[in-house]
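J.: Everything below, folded, please.
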Amino acid sequence: MFSLDQNYLERLVESSADTIVAVDTRGAVIYYNDGARKLLHYNADEIIGQNVVRLYPTVEEAKRVMRAMRESTDGGRISGLETVFRSKESEDIPVVISGSVIYDDSGNIVGSIGFARDIREMRRREQLATAGEIAVSLAHEINNPLECMTNTLDLLEQARDDRAGQAADVVEAERLEIIRDCLNRVQEIVRRLDEMARKGVYQTRDYLQGKRMADLGPREASGKEAREDGAIRQWPLTGMSVLVLDDDTAVVTSLADLLRAERCIVYTAVRPSNALALLRNVKIDTVISDVVMPEMDGYEFYMRVKEEWPQLPVILMTAYYYDKDHIIKRSRLKGLESALFKKPVNPAKLRQVLLQSRGKPAPPKVQAAV
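T.: Have a look, this model is predicted:
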């Protein structure tokens with residue numbers, strides 16, 4: 001039967017990537033492998049014979065680990081115990097330890113041995129996963145009010161255009177331009193945060209006294225959106241009947257105001273069931289619907305609309321930066337043609353898509369519900 005000699009076993013342990021440290025009953029280090037040297041940067045001759053407390057940030061933490069071994073119900077063995085080592089440069093390093101009390105042939109405790117693994121990378125991945133969840137929620141919560149602000153700003157710019165030529169117009173235009181630029185900047189920050197969380201890679205920059213922070217600043221000046229200026233403004237959406245569905249009342253209100261300024265006839269709903277009831281009683285040319293809603297999501301709502309009104313155009317919009325539940329993808333597979341807007345909706349793009357949908361065949365005349 002093949003057996004491994006003692007020297008070979010020692011070489012295996014010495015070459016382990018894990019940190020392996022053994023101590024005697026007094027707490028003095030009697031074994032310290034190369035994995036420990038690479039992690040903690042102490043050479044073996046600096047640690048052998050020293051109290052193991054030197055490898056911990058506090059005496060209390062070292063005692064906690066030793067106590068966990070002594071009080072173990074598994075014969076002095078522990079597994080997956082999280083603790084912290086302190087390197088030669090005084091850097092605290094989170095590790096997870098598996099270890100055991102060492103007994104002699106008579107059953108007496110002669111020391112203990114611990115196998116530690118650096119978990120900084122695991123912690124970083126956990127933090128990025130948490131940041132990803134926060135980014136998705138943050139994008140949604142910020143983009144909804146941004147939608148309202150963008151729509152309201154567009155209305156203000158239209159009102160300014162209607163009275164162009166007044167003395168105060170230049171000053172107001174500059175103020176509105178500042179607001180527009182700030183909105184664009186906030187949108188870019190939210191977009192970069194979402195991108196950072198999904199890719200798991202981000203850049204940092206100096207903060208205060210050597211501290212670092214995630215760099216979410218714009219890479220380059222955002223281009224100004226093209227807007228319709230001039231004394232004469234066309235109103236190609238005049239008389240178009242649009243239903244706006246969103247569970248955020250502020251979004252519904254601001255989007256409705258924007259569409260009414262385009263001379264549209266606007267109906268609103270905050271629940272899909274209410275929207276379906278309106279569709280059964282009112283002639284609607286196009287539906288603009290949120291994706292994430294109570295009662296049913298955008299896909300379910302689209303399928304209900306398609307079942308009863310196959311030719312009725314539907315535009316889905318969302319405050320999320322990506323289709324995490326594949327709602328848009330599934331809808332497109334079932335025939336959805338309209339563009340997906342990332343809130344806040346670009347008013348010029350909205351007008352363009354509504355014009356495209358207006359060019360489609362009109363849906364059948366709606367019969368009143370009985």
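
J.: Where does pLDDT dip in the stretch 251-370 of the chain?
T.: By pLDDT under 70, the low-scoring segments of the stretch 251-370 of the chain are 319-325, 337-344, 359-370.

J.: can you give me the helices in it?
T.: Taking DSSP state H, counting those that start in this stretch as the criterion, the stretch 251-370 of the chain contains helices spanning 272-281, 298-308, 327-333, 347-358.

J.: So the closest residue to residue 142 other than its chain neighbours: helix, strand or coil?
T.: In this structure, residue 142 finds its nearest non-sequential neighbour in residue 190, 5.4 Å apart by C-beta to C-beta, 6 or more residues apart in numbering. The way it works is simple: take the backbone N, C-alpha and C, and place the C-beta from them, glycine included. Of the three states, residue 190 takes helix according to DSSP: H, G, I helix; E, B strand; the rest coil.

J.: rewinding a little: let's have the helices of the stretch 251-370 of the chain in JSON lines, adding distance to residue 177 and mean neighbour count.
T.: Shown next, in JSON lines, are the helices of the stretch 251-370 of the chain (distance: least, C-beta to C-beta, whole Å; neighbours: other C-beta atoms under 10 Å):
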{"stretch": "helix 272-281", "distance to residue 177": "36", "mean neighbour count": "18"}
{"stretch": "helix 298-308", "distance to residue 177": "34", "mean neighbour count": "18"}
{"stretch": "helix 327-333", "distance to residue 177": "33", "mean neighbour count": "18"}
{"stretch": "helix 347-358", "distance to residue 177": "15", "mean neighbour count": "17"}
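
J.: With distance to residue 178 added, can I get these in CSV?
T.: CSV is the format used below for these (distance: least, C-beta to C-beta, whole Å):
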stretch, distance to residue 178
helix 272-281, 37
helix 298-308, 35
helix 327-333, 34
helix 347-358, 18
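
J.: Those: which one's closest to residue 72?
T.: Closest approach to residue 72 among these is made by helix 327-333 (50.2 Å; C-beta to C-beta).

J.: Isn't the residue nearest to residue 142 up against residue 141?
T.: No: here residue 190 does not reach residue 141: they are 9.8 Å apart, not a contact under C-beta atoms under 8 Å.

J.: between these two, which one's more packed in?
T.: Using other C-beta atoms under 10 Å, the more surrounded residue of residue 190 and residue 141 is residue 190, with 22 against 13.

J.: got a list of what the more buried one touches?
T.: Counting by C-beta atoms under 8 Å, 6 or more residues apart in numbering, residue 190 touches 138-139, 142-143, 146, 321.

J.: what's the answer for residue 289, then?
T.: 245-246, 272, 275, 298, 301-302, 314-317.

J.: Swap in 6 Å and give it another go.
T.: Listed by C-beta atoms under 6 Å, 6 or more residues apart in numbering, the contact set of residue 289 reads 245, 298, 301, 316.

J.: quick one: the first one and residue 270 touch, right?
T.: No: counting by C-beta atoms under 6 Å, residue 245 stays clear of residue 270, with 7.5 Å between them.

J.: the more surrounded of those two?
T.: Neighbours were counted for residue 245 and for residue 270 using other C-beta under 10 Å; residue 245 has more, 27 against 17.

J.: so what's that one bridging to?
T.: Beta-bridge partners recorded for residue 245 (DSSP bridges): residue 269, residue 289.

J.: mind checking how far it is from residue 255?
T.: Distance, residue 245 to residue 255, by C-beta to C-beta, to the nearest Å: 10 Å.

J.: again with residue 45
T.: Distance, residue 45 to residue 255, by C-beta to C-beta: 72 Å.

J.: Which one's more surrounded, those two?
T.: The neighbour comparison of residue 45 against residue 255 (other C-beta under 10 Å) goes to residue 255, with 27 against 8.

J.: Skipping its backbone neighbours, what lies nearest the more buried one in space?
T.: residue 244 (5.2 Å).

J.: got the contact list for that neighbour?
T.: Residue 244 is in contact with 252, 255-256, 268, 288, counting by C-beta under 6 Å, 6+ apart.

J.: Show me the helices in the stretch 1-150 of the chain, by range?
T.: With DSSP H, counting those that start in this stretch as the criterion, the stretch 1-150 of the chain has helices at 6-14, 34-40, 44-47, 59-70, 120-162.

J.: can I have the second one written out in PDB, keeping just the CAs?
T.: Okay, so that is helix 34-40. Coordinates of each C-alpha in helix 34-40 appear next as PDB, following Å, rounded to 0.1, in the frame of the first residue of the first chain:
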ATOM      1  CA  ASP A  34       4.400  30.200   2.700                       C
ATOM      2  CA  GLY A  35       0.700  31.000   2.100                       C
ATOM      3  CA  ALA A  36       0.700  32.900   5.400                       C
ATOM      4  CA  ARG A  37       3.800  34.800   4.300                       C
ATOM      5  CA  LYS A  38       2.200  35.900   1.000                       C
ATOM      6  CA  LEU A  39      -0.900  37.100   2.800                       C
ATOM      7  CA  LEU A  40       0.500  38.800   5.900                       C
END
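
J.: who touches it?
T.: With contact meaning C-beta under 6 Å, 6+ apart, helix 34-40 is reached by 14, 16-19, 21, 87, 118.
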